[in-house]
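Visitor: Next come a sequence and a model predicted from it.
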Amino acid sequence: MSNGQRKAFRGPGRGGHMGGPPMGRPVEKAKDFQGTLRRLLTYLNPFKRQIILVFMMALLSTVFSIVSPKIMGKITTELFEGFLQKLNGLAGAAIDFQYVKHILLLLIGLYIFSSVFSYFQQYIMVGVTQKVVFKMRKDLNDKLNKLPLKYFDNHTHGEILSRVTNDVDTVSNTLQQGLTQLIIAIVTLLGIVIMMLSISPLLTLIVVITLPLSFLITTKIAKRSQRFFAKQQKALGDLNGHVEEMYTGHEIIKAFGQEQESIAIFNQENERLYEAGWKAQFISGIIMPLLSFVNNIGYVLVCVAGGILVAQRSIEIGDIQAFIQYSRQFTNPIIQTANIINILQSTIAAAERVFEVLDEEEELSDQPQTKFIRFPKGEVRFEDVTFGYQEEALIDQMNIVVKKGQTIAIVGPTGAGKTTLVNLVMRFYELQSGRIMIDGVDIKDLRRGELRNMFGMVLQDTWLFKGTIRDNIAYGREGATEGEIVRAAQAAHADHFIRTLPEGYDTVLNEEASNLSQGQKQLLTIARAILADPAILILDEATSSVDTRTEIFIQKAMHELRKGRTSFVIAHRLSTIRDADLILVMDKGSIIEQGRHEELLAKRGFYADLYNSQFEINRNQMA
Amino acid sequence: MLKIFRYLRPFRVAIVFILILIFLQSLSELFLPTLMAEIVDVGIVSGDIRFIFQMGGLMLAIAGVGAGCSILASYLSARTASGFGKILREEVFTRVESFSLPEIDKFGTATLITRTTNDITQVQQVTVMMLRMMVSAPLLFIGGIIMAVSRDAVLSQIFIIVLPLIALVVLFVGRKVLPLFKSIQRKLDKLNLVLRENLTGIRVIRAFNRIDHEKKRYELANLDLTDTTVKVNRLMAGMMPTMMLIMNFTTVSIIWFGGLRIDQGNMQVGDMMAFIQYGMLIMFSLLMVSMMFVMIPRAAVSAGRINEILDTVMEIKDDNIEEDGYEEAKREEASKVKVDEETELSSKSEIEENLEKESRIEKLEKTNKIEKRKMYDKGEKVESTGIIEFKNVTFNYPGAEKAAVSDISFTAGSGEVTAIIGGTGSGKSTLLKLLLHFYEPQSGKIKIDGVDIRELSLNTLRKKIGYVPQKAVLFTGTIAENIRFGKKEAADKEVQQAAEIAQAWEFIAGLEDTFAFPIAQGGQNLSGGQKQRLAIARALIRKPQIYALDDSFSALDFKTDAKLRAALQGVIQEATILIVTQRVSTVLNADKIIVLDQGFIVGSGRHEELLTNCQVYREIVASQLSGEEPA
């Protein structure tokens, strides 16, 4: 009876996994149960000794708690016998309190041992579990740092986060409680059967007869309730989907006056959820009362049969008392085992998801012997580069040569895949064939860290983290001094607005950095790039979400930044494009034209089209 | 937490029944040991086998009744809790649907979603638990004590020592462990934050080669979380054995003192056996109560979040949205007149009369207002061409320091294209949102055909406007359904027409199911340009008097853009067109260009005029076109 309660104390706020799935709820199944289990066990391997110790303690603690009713029964018998003798007026009849005292002391000893063992068992298990979980989380993070960007393109943040937190949490809870509980439940079950048999095989038979009944009830009802739970899950999914869609499209719903329709659909789905929901709840809710009824039948039978046996003096009253206690505890471990097996299944499924991440293919590791560019100049050469995100090549046999300080403009309509090139030079993705050289060195021969240190990047989505403005700028270079940070901010035209903030450089950006405007954020990232002082720059000119004044600052800052550096610019401004040493025209993911502005215009191809449709009207107007 | 249970009201009867049923069930649970004691004390002692059978039968019957009660209670509580969840969900959803944008801004879409889904589920689950446990635990507790005392009051004194001891342990856990659990939650959030930042900034982190730095941050958070978890779990590890020890010691002392009492002839053996079982029941019920201490704070947080939605006072009230309101006001008015006639005859006190009059005037005004709106609503009598007039409009987003738009005045004529240009943050989109009456301006008026939009019901107002938002939002369903979103009863021909004008037909024709093509959630299976064209078609099909286009061509390539604009020309000559954009090329041919900068109008006129007299406009043109100075 202790274990059922113990589970519920797991506490709040831990991934909603309290006490495992209720009875009769469908359980997630792992694809490869055995393999995953075995792998999970390897995590436990370093703690083999502790775990064996834990199991021993659990065993002892359980054994002690199992013998105690039987011993307690001895006292009852003594009391009863003494009482009866007194009743019958036997001379000198008395309860032997010396004997009772002895047994009680024995009992107290057993209880204390049992509790102490149970405490240490859990205490040790806490340490083991948390170490395992710590390692798992660490492994996951290390792995994530080694995965190619491709992986993150195909998995949502929510999905990854859920694996690192929820799934690991599930594993943690099960390790903490489930394993020892399983042992305890099984030992208890065996122990109880043995004890019951030792008291009375006949009574044991009576109790065991009720077992198939319990089993039948549980499986029958569980089967039915699973159907309803599945329905409920489906209805809940539909409902949540509708809610999500309606809330995200709220403005449109309002503008088109569709509130009533939306509510009508919601009500329909809500009704379906209600219908499935209460049935699932009800059916799973009757398992316990039915089981306890069956248990009570056993109880009554034991009382009656035991009563008769005692009345005929073929069994002692204390034994009956002990037996009643055993039979009361009998169904508990059975239910528990069933529960734990369910929990174990969903745990293995969770572990499998964790391992899936750990099994993902990593970025190619750096060459064992890497080269080192001491003073990077920033010459970039593409030699027969072929690349595609999937099988088909988007870039085929591309050759370009970029000299130190040159500017490459990448142009094309939105969604043309303009960041592809950036991804390649920084080696976020691997080439299918060909090579990219920087200052005459194949980038594959460089350590990724070294390679990326040569680059500075200002992207459209300005990534800032929760921390002070100073820390965010200093992110560009480790160990930057205060003076360098301020100078970088000045060069980026950010110093002024930073100083107008009440906390200045110590202003803490909140999680979404929503206490700065988009333009200000962009200026900070430019300052960061200036501080990094890279040989090669990657700039995204798209500054559409910035007010005019800031836009001019950003332009100036970017211009400043480009001086003397090789730069790849995802270009939106005509001036940048015209002055570029090379224009790469992209459409639908591939580079379709390249050359200088005049050459491309003369070609009368896609670029000319693009240029004319975008700028011609304006030129006419200007003229 | 309690506040939210007002929605349990419809289930009052069911809850009373649940209480009774669970009470009966608890009684039966308590009664079984009593009968067992009878078997021992009477049946066994006297060897009366018939009596034992009788008692056995009685026990069986009581166990059966108990099970029956429990099942019935389970039925009722399942219905109650699910029904409660259903009502709550409906309330919250309906409420959110009635929200205008200030309320949505206040909460944020993401949290509204979790509040409507997870939080309600959470509260519903706790309701189930409470209906089952919270009721039965105190009943078992009190019942157990009564039974124990009635069996042997003297021996019951043991509980006076034991119960405070258990309460102390529970209290200790509550004081010590619960805060730790909260801190675990915080640390888990922190770990999540680091991880989320790592995921969103992955390119930057790798580009700046700061993986090791991030790893350290993560490790620190991980370690911190682990340490606290270990601490909590170790405390918890001590708790259960302690509890068990207390319980077992209680049993031991019951036996010892019970034995003494038996020896003195004050107690029977069966009584003592029953007494032990009562003791167990009492202590378990206490444990159950302590468990609820753990659960309730969690649900209380959810309940609080739900209440926040339900208690939100809306800024823009649309008291005309229900036709009934109007009818009711009229009816009341009619009856008032009747009453009035009567008052003339009867002798009512003056004060009363005055009051009557006042409320009558109020009612009359209301009716008038409603009558007026009704007229606009029907589109009768009032000439409606769709002329928009902004008059000294100033609007501040709630909590914002600066006004988003200040002192905006302009008119947009019918059959004209009025373009609004400016950088983001200049207040362009805000103007459209004000026109749609998503927000209420702090001062100034917005009129359509000379009527203040506040006089119009939201429904009527929005029916006049074909709105194409900046972000083309589509819904799950077919393409046709999405276009019909603008006009439910539109014929197939109209859908086709709208799609053609919006230049959407060219890609729809290429799809396998054409108009029956199913759109995935959020329109993920369409490109940005395709979505935008469908959003335009959706507005076109309404044939509104006003088109409000918020940067609606941004995802289109230039060719499609040009074709679309040409096609639009023919269709929407009669309408007023308001275009918000940041592309100079879009505004070139507008009849009127309004230049916004930081919420102020800094220029208006045609392109050529603005080039000469508006500095900001020149800057915008310069930044987009080239480094050259424009003419």
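Guide: Structure received. Note that the structure is predicted; figures quoted are calculated from it, not measured.
Visitor: only C-alpha atoms for contact and neighbour calcs from this point on.
Guide: Will do.
Visitor: quick one, strands of chain A?
Guide: A:380-387, A:395-402, A:407-411, A:433-438, A:441-442, A:455-458, A:467-468, A:508-509, A:536-540, A:566-570, A:582-587, A:590-595 (DSSP state E).
Visitor: Show me which residues of stretch B:99-106 are buried.
Guide: The neighbour-count check on stretch B:99-106 (16 or more other C-alpha atoms under 10 Å in any protein chain shown) flags B:99-104 as buried.
Visitor: out of these, what pair is the most spread apart?
Guide: Within the buried residues of stretch B:99-106, two members stand farthest from each other by C-alpha to C-alpha: B:99 and B:102, at 7.8 Å.
Visitor: Report how many residues lie close to residue 133.
Guide: Here I'm looking at chain A. 21 (other C-alpha atoms under 10 Å in any protein chain shown).
Visitor: look at chain B instead
Guide: 20.
Visitor: Give me the nearest residue to it, chain neighbours excluded.
Guide: With sequence-adjacent residues excluded and distances taken as C-alpha to C-alpha, 6 or more residues apart in numbering or on different chains, residue B:133 is closest to residue B:288, at 7.1 Å.
Visitor: Now find how far off-centre the helix or strand containing the one you found is within its chain.
Guide: Counting by DSSP states H and E, the element that carries residue B:288 is helix B:269-310. Distance, stretch centre to chain centre, for helix B:269-310: 29 Å (C-alpha atoms, centre = their mean, to the nearest Å).
Visitor: Give the other helices and strands that it contacts.
Guide: When contacts are defined as 3 or more C-alpha pairs under 8 Å, 6 or more residues apart in numbering or on different chains; DSSP states H and E, helix B:269-310 packs onto helix A:48-87, helix B:12-38, helix B:49-98, helix B:120-129, helix B:135-151, helix B:157-172, helix B:211-263.
Visitor: Nearest to residue B:580 among these would be which one?
Guide: When the helices and strands packed on helix B:269-310 are compared by C-alpha to C-alpha, helix B:49-98 sits nearest residue B:580, at 26.3 Å.
Visitor: how far does the next helix-or-strand element following the closest one sit from the chain's center?
Guide: On the C-terminal side of helix B:49-98, the nearest following helix or strand under DSSP H and E is helix B:101-107. Relative to the chain's own centre, helix B:101-107 is displaced by 12 Å; criterion: C-alpha atoms, centre = their mean.
Visitor: Dump helix B:101-107 to PDB, restricted to CA.
Guide: Extracted in PDB, the C-alpha atoms of helix B:101-107 (Å, rounded to 0.1, in the frame of the first residue of the first chain):
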ATOM      1  CA  LEU B 101      -6.800  43.600 -31.100                       C
ATOM      2  CA  PRO B 102      -5.800  45.500 -27.900                       C
ATOM      3  CA  GLU B 103      -6.800  42.400 -25.900                       C
ATOM      4  CA  ILE B 104      -5.000  40.000 -28.200                       C
ATOM      5  CA  ASP B 105      -1.900  42.200 -28.000                       C
ATOM      6  CA  LYS B 106      -2.100  42.200 -24.200                       C
ATOM      7  CA  PHE B 107      -2.000  38.500 -23.900                       C
END
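Visitor: could you point out which element follows that helix?
Guide: helix B:109-114.
Visitor: Just the C-alpha atoms of that next one, please, in PDB.
Guide: The C-alpha coordinates for helix B:109-114 follow below in PDB (Å, rounded to 0.1, in the frame of the first residue of the first chain):
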ATOM      1  CA  THR B 109      -1.600  34.500 -29.300                       C
ATOM      2  CA  ALA B 110       0.700  31.800 -28.000                       C
ATOM      3  CA  THR B 111      -0.500  32.100 -24.400                       C
ATOM      4  CA  LEU B 112      -4.100  32.400 -25.400                       C
ATOM      5  CA  ILE B 113      -3.800  29.100 -27.200                       C
ATOM      6  CA  THR B 114      -2.300  27.400 -24.200                       C
END
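Visitor: ok so, going back, ok, now how distant is the residue nearest to residue B:133 from residue B:141?
Guide: 10 Å (C-alpha to C-alpha, to the nearest Å).
Visitor: next one: residue A:233
Guide: Using C-alpha to C-alpha, residue A:233 is found at 36 Å from residue B:141.
Visitor: Name the residue in the two with the higher neighbour count.
Guide: The neighbour count for residue A:233 versus residue B:141, taken as other C-alpha under 10 Å, is higher for residue B:141 (21 against 16).
Visitor: OK, contacts around that one?
Guide: When contacts are counted by C-alpha atoms under 8 Å, 6 or more residues apart in numbering or on different chains, residue B:141 touches B:281-283, B:285-286.
Visitor: can you pull the pLDDT of residue A:553?
Guide: We have a pLDDT of 75 for residue A:553.
Visitor: Just give the number of residues close to it.
Guide: When neighbours are counted by other C-alpha under 10 Å, residue A:553 comes out with 17.
Visitor: Then residue B:201?
Guide: Neighbours of residue B:201 using other C-alpha under 10 Å come to 17.
Visitor: Please apply the same query to residue A:406.
Guide: For residue A:406, the neighbour count with other C-alpha under 10 Å is 23.
Visitor: show me the contacts for it.
Guide: A:565-567, A:580-581.
Visitor: ok, and of those residues, which contact chain B?
Guide: Among the contacts of residue A:406, no residue is within reach of chain B (C-alpha under 8 Å from any C-alpha of the partner chain).
Visitor: How much space separates residue A:143 from residue A:37?
Guide: From residue A:143 to residue A:37 the distance is 20 Å (C-alpha to C-alpha).
Visitor: Equivalent analysis for residue A:215, please.
Guide: 27 Å.
Visitor: Residues of the stretch 251-400 of chain B that sit close to chain A?
Guide: B:252, B:255-256, B:259, B:262-263, B:269, B:273, B:287, B:291, B:294-295, B:298.
Visitor: contacting residues around residue 279?
Guide: The chain I'm using is chain A. Residues near residue A:279 by C-alpha under 8 Å, 6+ apart: A:225, A:228, B:78.
Visitor: Actually, chain B is the one I wanted.
Guide: B:144, B:148, B:250-251.
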